[in-house]
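>>> give me a model of this one.
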Amino acid sequence: MEPISTITEFLETSGARLRFFDMGRRVDKLPRDRFLQFEKTEIPYPYPLQRQAWFALLFHDKSARQEPLIWFLRLPLDEQGRLLQAARDDFMHRLIERIGERVQADNEDQQLDAALQDNPYSFKPKEERMAVFHARVSRLLNAPPSRFYAYAQQYISGQPGWEQWSFVGYQGIADLAARLDQDDNETALVKAIPELPIQPLVALCHCLENETTSPGITEALLDRVVQELQQTNPEPGLLAAAIRGSARSAAPGPQRTLIKRILSAPAGNHIEILSAVSGRAWEQLLDAELRRLFLERLAENSAGQEAFNLCMADLLYLPGMRQPILAAVRDPGRSAPLSCAIGALFQGVTPG
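Predicted coordinates for the structure are as follows:
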């Protein structure tokens, strides 16, 4: 029998049923087999962020208690985006050592609860991320949504008045986004998107980025973008949010149109907008025309050369993106500003 060398195999020896979620670029389920391949360094992590794998492990232990146990972990990746074996081994050593310390004093439930105490590989997600995660898990486990869900539904219907958004809890919005196919939520959202003030619309889009959204929602966001771009000073935060909210659209055509409209506008060089494309809707950059437009705007982004370098490094690290980005970089038809930014990137200097 081969020795246990992965977190997955170790936890499964206790009879735990594991579920895996990416917690970096999106809050989304990861198939067990794919995650195990990653742990065995057979494949790169599919959604690296800052050269780390950010993920959650959710498991029911042998006692089948009502509340599942959740671990939030981040592990460093090598130059190819694969798990650093030394870090994995160090984590496993710390984990086994911590559990061993608690064996005599506690039952198995308490051992697992305390296993990550003082562990450098654990992290605490931001509150907004936690709200989305809890909404996704509640839906997955067929548990009821939070008590904030009902009021979020009421607000989205327009009953209290659109100005009453400050009373809507973020958890309720996350629950709403996780249950688009329930309680006529999708229809209500399509009707609400044209009316929502900026703050609740941004919050909604940040939750929708984790969900597969319908063509109706994408079209509503596109209409809102067109409306915003007609303003004298379009709000970059709203435009970036629309990109994020349509990031997993089931209508790639309207989604591409939405992104191209924004990037083609004067405000399209704002770094918040460009970061939304590369960080949440990067798959759309496989489209050659959109990729070319994105890189041209990135070369003249509002935050300068350092932001260009960071964004390019992030994209080149994503599985499947390196070759398309490098091909665009080598395009002889690229503009002078893009050529200058690329030159500075490879030279490691900022042009004066």
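
>>> and His93, what pLDDT?
Turning to His93, the model gives it a pLDDT of 87.

>>> now do the one 3 residues further on
Ile96 is assigned a predicted lDDT (pLDDT) of 82.

>>> and it, what element?
In this structure, Ile96 sits in helix 85-102 according to DSSP states H and E.

>>> C-alpha coordinates for that helix, CSV please?
Once non-C-alpha atoms are left out, helix 85-102 reads as follows in CSV (Å, rounded to 0.1, in the frame of the first residue of the first chain):
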residue,chain,number,x,y,z
GLN,A,85,5.6,19.5,-2.6
ALA,A,86,7.7,20.9,0.2
ALA,A,87,4.8,23.0,1.3
ARG,A,88,2.3,20.2,1.0
ASP,A,89,4.6,17.9,3.1
ASP,A,90,5.1,20.7,5.7
PHE,A,91,1.3,21.2,6.0
MET,A,92,0.7,17.4,6.4
HIS,A,93,3.4,17.2,9.1
ARG,A,94,1.9,20.1,11.0
LEU,A,95,-1.6,18.7,10.6
ILE,A,96,-0.6,15.2,11.9
GLU,A,97,1.4,16.7,14.7
ARG,A,98,-1.4,18.9,15.9
ILE,A,99,-4.0,16.0,15.8
GLY,A,100,-1.5,13.8,17.7
GLU,A,101,-1.2,16.4,20.4
ARG,A,102,-5.0,16.3,20.9
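
>>> elements contacting that helix?
If you count contacts as 3 or more CB pairs under 8 Å, 6 or more residues apart in numbering; DSSP states H and E, helix 85-102 packs onto helix 7-12, strand 69-76, helix 108-114. Bear in mind the C-beta positions are built from the backbone N, C-alpha and C, glycine included.

>>> any residues touching the second one, and which ones?
Translated: strand 69-76. Defining contact as CB atoms under 8 Å, 6 or more residues apart in numbering, one finds that strand 69-76 is touched by 7, 16, 23, 51-61, 83-84, 87-88, 91, 112-113, 115-116, 121-125, 137.

>>> what's near enough to touch Leu11?
For Leu11, the contacting residues are Leu18, Leu57, Phe59, taking CB under 8 Å, 6+ apart as the criterion.

>>> and for stretch 81-98, what are the contacting residues?
For stretch 81-98, the surrounding residues in contact (CB under 8 Å, 6+ apart) are 5-7, 10, 38-39, 41, 43-45, 48, 53, 73, 75-78, 114-117, 119-121, 317-319.

>>> pull out the buried positions in it.
For stretch 81-98, burial by neighbour count (16 or more other CB atoms under 10 Å) applies to Gly81, Arg82, Leu83, Leu84, Ala87, Arg88, Phe91, Arg94, Leu95, Arg98.

>>> same question for stretch 47-57.
Applying 16+ other CB under 10 Å to stretch 47-57 flags Tyr47, Pro48, Leu49, Gln52, Ala53, Trp54, Phe55, Ala56, Leu57 as buried.

>>> what is the mean pLDDT for that stretch?
Per-residue pLDDT values across stretch 47-57 average out to 96.

>>> tell me where this protein has strands.
For the chain, the strands identified by DSSP state E occupy 17-22, 28-30, 52-60, 69-76, in order along the chain.

>>> need the residues that contact stretch 335-352.
Here stretch 335-352 makes contact (CB under 8 Å, 6+ apart) with 295-296, 298-300, 304-306, 308-309, 312, 329, 334.

>>> now do 6 Å
Leu295, Glu296, Ala299, Glu300, Gln305, Phe308, Asn309, Met312, Val329 (CB atoms under 6 Å, 6 or more residues apart in numbering).

>>> let me have these in CSV, adding distance to Pro144 and neighbour count as columns.
Listed next are the contacts of stretch 335-352 as CSV, based on distance: CB to CB, whole Å; neighbours: other CB atoms under 10 Å:
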residue, distance to Pro144, neighbour count
Leu295, 46, 24
Glu296, 48, 18
Ala299, 49, 22
Glu300, 49, 15
Gln305, 50, 16
Phe308, 46, 23
Asn309, 46, 16
Met312, 44, 20
Val329, 50, 17
